[in-house]
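[1] just a sequence and a predicted model for now, questions to come.
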Amino acid sequence: MANLILDERDQRFVLNEMLEVGKLCESAQYSDFSADMFDMVMTQAQKLAVEEIFPTLKESDEQGCRLENGQVHVPECFHRPYKLFVDGGWNAMSFPSEVGGQGLPSVIRNAATDWFAHNFSFISYPGLAEGAAHLVLNYGTADQKQRYFARMVTGEYGGTMCLTEPSAGTDVGNLSTKAIRQPDGTFRLQGTKLFITVGDSDLVTNVIHPVLARIEGDPAGTGGISIFLVPKYLVNDDGTLGRRNDYEIAKIEEKLGIHGSATCLMNFGDKGECYAELLGEERQGMKIMFQLMNEARIGVGLQGLASASIAYLHALNYAKDRQQGSSLLEMKNPQAPRVPIIQHADVRRMLLWMKSHVDAMRGLMYYASYAIDRELVAADEAERDKWKGLLELLTPICKAYCSDVSFKVTELAVQTYGGYGYCSEYPVGQFLRDEKIASIYEGANGIQALDLIGRKLAMKKGAYFIGLLTEMNSTIARYKGALPELAAEVQEAVNTLGEIAFFFATCGKQGKFLVPIVHAYPFMMLMGKVVCAWILLWQAGIAKGKLDELAQAKGVNPADAAGWTGFVKENKDAAFYAGKQASAKYFVKNVLPEIYSAVRSIKSEDLSVLEIAEESFVTN
Ligand SMILES: Cc1cc2nc3c(=O)[nH]c(=O)nc-3n(C[C@H](O)[C@H](O)[C@H](O)COP(=O)(O)OP(=O)(O)OC[C@H]3O[C@@H](n4cnc5c(N)ncnc54)[C@H](O)[C@@H]3O)c2cc1C
């Protein structure tokens, strides 16, 4: 195994065999690229990740960030990879070439990030800046683009997203940071933001903060929120840096994980001089910030995929090496040789659970990223709308389902290591600690579920949801000849998903609107399982065809069990494709049936969680 970050064979499979991303180059948008170039991007991303970013993972966790005289110092080991990262243009993959970016499709940008995101502390510095730069590019004035964007795209300036306040977490509309209008059209901000990822760093010369605040006199709630650009240092017309703006980094949070990422408490305008410029129109703050939040939600899904991937590969590697116990067949023989733990059924159960989920999540995350590109290159409005709808529906699944499932993968990796997994000398505990935040930020997962059932299912009168079911059904139709049993089970699950969505709609019409709200999270997890089963069927269908071709070319008869086993063990491609089939079969037979217990619970219309009196939760 060349690296323990991700399986590059799987990455190439999803990009080239499942999504056929090379076909994007047939569009005018991506005609400067070719499939070979995309391949080279992956090779270079792998090199940077393996040689420069991965080696900083443990050290940055141990070292953390420091606040000295109001300046944040990131772990020393981040400086070299950050320079290589921005010099290589990795921070600008998603920007058009006309503005200094690489102009790459989102699917390629996110596949490259699959290599980097295992070290989420590191990637949060260029990642947050990239998101903030997108806002400036899309909503900024020409002057803001020239003063801020031009240096954000080179990695010289950093960026953040400042929403959260002590009394405005999930409840963003409750924020109290105020913007005071100035005669020259600028604003002065006053307020406190907390939990601000990479709120400051010594990797960059300046930081541009998009900050949500309410202009004095504007209405309460989300509709009264505007968004402002707050530079750390004011930027003069000639591009030189002016005065230090009036805000301070009051503290870096001590966290469970991602220690290398500076999570900052920031006080704006203690001296009344915190300079801010409006971004876009007044009272459009939430709408504008939503662009960043949607990108960030896919980013959090990628964090989940990357954490799960590195955790799985470490667990696999360990399970092949660690000798413990003897073969099941020699249980009663104390002299029996010790075997690697991968030979034990329960360890294999954990590994296959991890593998099947990582396979599914990689397929799903790349597919959702590809939907962004397909929307962009669509030939007509109907096609554009189709891909937009798929992305809308899949975003909460990517963010919430993937982050919760990934945490479980990291937990199983710890379990696979046994007691060693629980000790900091071994790496898997860090994967678990670093991953936990993914289910909390960018809209806690319970909120994602509410958004899914309350807004997304009903979008365009349910047409987007039906569009997703149609995509799933067409995959099933494609592979039901080759894989009849799996296809039938996935079909039943897809039908069930549609049925439950309809059940929720009926509850709404009957005034039982609390039923979908109470069961939103189980529904989201149900939908995540169905989506993953669909992706795995798709992958297994391709694998079946390739495996048949390979077997035919080698003259192997699938009916000859011994010959087939030897073929799969000796031929790397055959092993890979057989692994895809194993993932799909395991998931469909062992994970997918869980949706039927969720269905039973949802249909019971049980409202226990609301019925129990708060006093009854504990009575002592
Ligand atoms: C490491 C880290 C990095 C962060 N980075 C950033 C950043 O860069 N920028 C930024 O602005 N913020 C950031 N945050 C803040 C993060 O987005 C918030 O923590 C998150 O939005 C939840 O807000 P809260 O912590 O106040 O929890 P609360 O809002 O108090 O929620 C607590 C729990 O109650 C649930 N809950 C709350 N309201 C409802 C409701 N109406 N219905 C159902 N359930 C509800 C939530 O789902 C959650 O489980 C970060 C946080 C951390 C820890």
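    Alright, I've got the coordinates.
[2] any idea how many residues pack against the closest residue to the ligand within the chain?
    Residue of the chain nearest the ligand, by CB to the nearest ligand atom: residue 169 (1.7 Å). For glycine as for every other residue, the C-beta is placed from the backbone atoms N, C-alpha and C. Using other CB atoms under 10 Å, residue 169 has 16 neighbouring residues.
[3] go on, residue 250?
    Neighbour tally, residue 250, other CB under 10 Å: 15.
[4] please report the distance of it from residue 268.
    To residue 268, residue 250 is 11 Å away according to CB to CB, to the nearest Å.
[5] same question for residue 190.
    Going from residue 190 to residue 268 by CB to CB gives 6 Å.
[6] tell me where the stretch 301-450 of the chain has helices.
    345-377, 381-396, 402-417, 428-436, 445-451 (DSSP state H, counting those that start in this stretch).
[7] distance of the residue of the chain closest to the ligand relative to residue 142?
    Shown here: residue 169 relative to residue 142, a distance of 35 Å by CB to CB.
[8] residue 425 too?
    Computed as CB to CB, the residue 425 to residue 142 distance reads 54 Å.
[9] now do the residue lying closest to residue 52 once chain neighbours are set aside: how many residues are near it, please.
    Spatial nearest neighbour of residue 52, chain neighbours left out: residue 81 (4.2 Å); criterion: CB to CB, 6 or more residues apart in numbering. Applying other CB under 10 Å, we find 26 residues neighbouring residue 81.
[10] same for the helix or strand harbouring residue 81, what does it pack against?
    For residue 81, the element it lies in under DSSP states H and E is helix 79-87. If you count contacts as 3 or more CB pairs under 8 Å, 6 or more residues apart in numbering; DSSP states H and E, helix 79-87 packs onto helix 35-48, helix 120-139.
[11] which one of the ones you listed is the most hemmed in?
    helix 120-139 (a mean of 24; mean count of other CB atoms under 10 Å).
[12] could you grab the helix/strand/coil label for residue 250?
    What DSSP: H, G, I helix; E, B strand; the rest coil gives for residue 250 is strand.
[13] so for the residue of the chain closest to the ligand, what's the pLDDT?
    On pLDDT, residue 169 comes in at 96.
[14] which positions in the stretch 51-200 of the chain make contact with the ligand?
    When proximity is defined as CB under 6 Å from any ligand atom, the stretch 51-200 of the chain approaches the ligand at 160-164, 169-170, 195-197.
[15] one more time with 8 Å, if that's ok
    Residues of the stretch 51-200 of the chain that fall close to the ligand, judged by CB under 8 Å from any ligand atom: 128, 160-164, 166, 168-172, 193-199.
[16] okay, and which of those map to strands?
    Among those, the members falling in strands are 193-197 (criterion: DSSP state E).
[17] for those, give me a markdown table that also has neighbour count and pLDDT.
    Output for these, formatted as a markdown table (neighbours: other CB atoms under 10 Å; pLDDT from 0 to 100):
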| residue | neighbour count | pLDDT |
| --- | --- | --- |
| 193 | 28 | 98 |
| 194 | 19 | 98 |
| 195 | 20 | 98 |
| 196 | 22 | 98 |
| 197 | 22 | 98 |
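[18] output those in CSV; the columns should cover distance to residue 326.
    Below are those laid out as CSV (distance: CB to CB, whole Å):
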residue, distance to residue 326
193, 58
194, 54
195, 50
196, 54
197, 49
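[19] nearest to residue 537 among those?
    Proximity of these to residue 537 (CB to CB) peaks at residue 197, which lies at 36.6 Å.
[20] pretty sure the closest one contacts residue 128?
    Yes. Using CB atoms under 8 Å, residue 197 is in contact with residue 128, at 5.7 Å.
[21] what's the overlap in contacts for these two?
    Shared contacts of residue 197 and residue 128 (CB atoms under 8 Å, 6 or more residues apart in numbering): 160-161.
[22] tell me the SS of residue 229?
    State at residue 229, reduced to three classes by three-state DSSP: strand.
[23] which residues does it contact?
    Residue 229 is in contact with 136, 140, 144, 148, 208-211, 276-277, 279, counting by CB under 8 Å, 6+ apart.
[24] now, among the residues you listed, which is nearest to residue 20?
    Top of the list for closeness to residue 20, among these and by CB to CB, is residue 136 at 33.9 Å.
[25] the residue nearest to residue 328 when sequence neighbours are not counted: neighbour count?
    Computed as CB to CB, 6+ apart, the closest residue to residue 328 that is not its neighbour in sequence is residue 345, at 7.1 Å. Neighbours of residue 345 under the rule other CB under 10 Å: 7.
[26] equivalent analysis for residue 467, please.
    Number of residues near residue 467 (other CB under 10 Å) recorded here: 20.
[27] so it is in which element?
    Assigned by DSSP H and E, residue 467 falls in helix 463-479.
[28] residue boundaries of the strands in the chain?
    Counting by DSSP E, the chain has strands at residues 66-68, 71-73, 157-159, 178-181, 187-197, 206-215, 225-231, 233-235, 241-244, 247-252, 263-268, 275-278.
[29] shaky segments in the protein?
    Within the chain, the ranges that satisfy pLDDT under 70 run 1.
[30] show me which residues of it are close to the ligand?
    Counting by CB under 8 Å from any ligand atom, the chain sits next to the ligand at 128, 160-164, 166, 168-172, 193-199, 212, 253, 255, 258, 261, 263, 437, 440-447, 450.
[31] just list the residues touching residue 236, thanks.
    Residues in contact with residue 236 (CB under 8 Å, 6+ apart) are residue 242.
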